[in-house]
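Peer 1: return atomic coordinates for the entry below.
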Amino acid sequence: MATTHPLRRRVPSFAAVLGLSAALATTATGMAATSGSTGDPALQPIDVSARALESATNDELRVMVGTLADERDSLARSLERFQEFYGPLEADRQLLYELRKGTPETRPEAEAQLDRLRSLAVAADPSELTPLIERVQKAAPAFLDWRDTQFTDAQSATQAYIDSGAGAYETSMTEFRNEVLLSVANRLDALLTVLDRMH
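Peer 2: Next comes the predicted model:
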């Protein structure tokens, strides 16, 4: 009868090792399924990276929503200001047109033009332009009277121009014209600022 070496009895066969590994894997799978069915949070697998990503994404969306709301409100305010510009800008346009024509030749036409200038000044910039156009209208009668007078010579016309106060009309009209140009420039600058904000 053959004798077996003592050490060889203690070494498991390759087939036995495979069998034991398969049994352990089966047992582990069963435990995982059992723990999942019990609903114990301590035994549930937790995907930390997925939750962190979801939280970061929600924070970014919240910031984006807030930013879009701010942009919407800013745009609404800009549109309101843009609509407010329309009336004064149209008055500016007509003021420039009237001033470009100069004083009409006849007195009725000149007086009618001054009335239009006053109405447009009130619509465009009442605080700055109205006092100036009123000064122009106050000086207009002396100027129109002087212009309609037939003088015998240039010296008499010049002296009457000075004595009658007719020169106040042209001085006042120059001040009014300059203020209109300044008002138009300021309004266009404000309009460009609004358009820049809209971009």
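Peer 1: buried stuff in the helix or strand encompassing Ala140?
Peer 2: Using DSSP states H and E, Ala140 maps to helix 126-148. Using 16 or more other C-beta atoms under 10 Å as the burial criterion, the residues of helix 126-148 that qualify are Leu129, Leu132, Ile133, Arg135, Val136, Gln137, Ala139, Ala140, Ala142, Phe143, Leu144, Trp146. The way it works is simple: take the backbone N, C-alpha and C, and place the C-beta from them, glycine included.
Peer 1: my guess is the fifth one contacts Asp115, does it?
Peer 2: Think Val136. No - the criterion here is C-beta atoms under 8 Å, and Val136 misses it with Asp115 at 11.3 Å.
Peer 1: rewinding a little: packing partners for the helix holding Ala140?
Peer 2: helix 107-124, helix 154-164, helix 167-198 (3 or more C-beta pairs under 8 Å, 6 or more residues apart in numbering; DSSP states H and E).
Peer 1: could you dump these to TSV with mean pLDDT, distance to Arg77 and mean neighbour count?
Peer 2: Shown next, in TSV, are the helices and strands packed on helix 126-148 (pLDDT from 0 to 100; distance: least, C-beta to C-beta, whole Å; neighbours: other C-beta atoms under 10 Å):
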stretch	mean pLDDT	distance to Arg77	mean neighbour count
helix 107-124	95	23	16
helix 154-164	93	52	13
helix 167-198	88	9	15
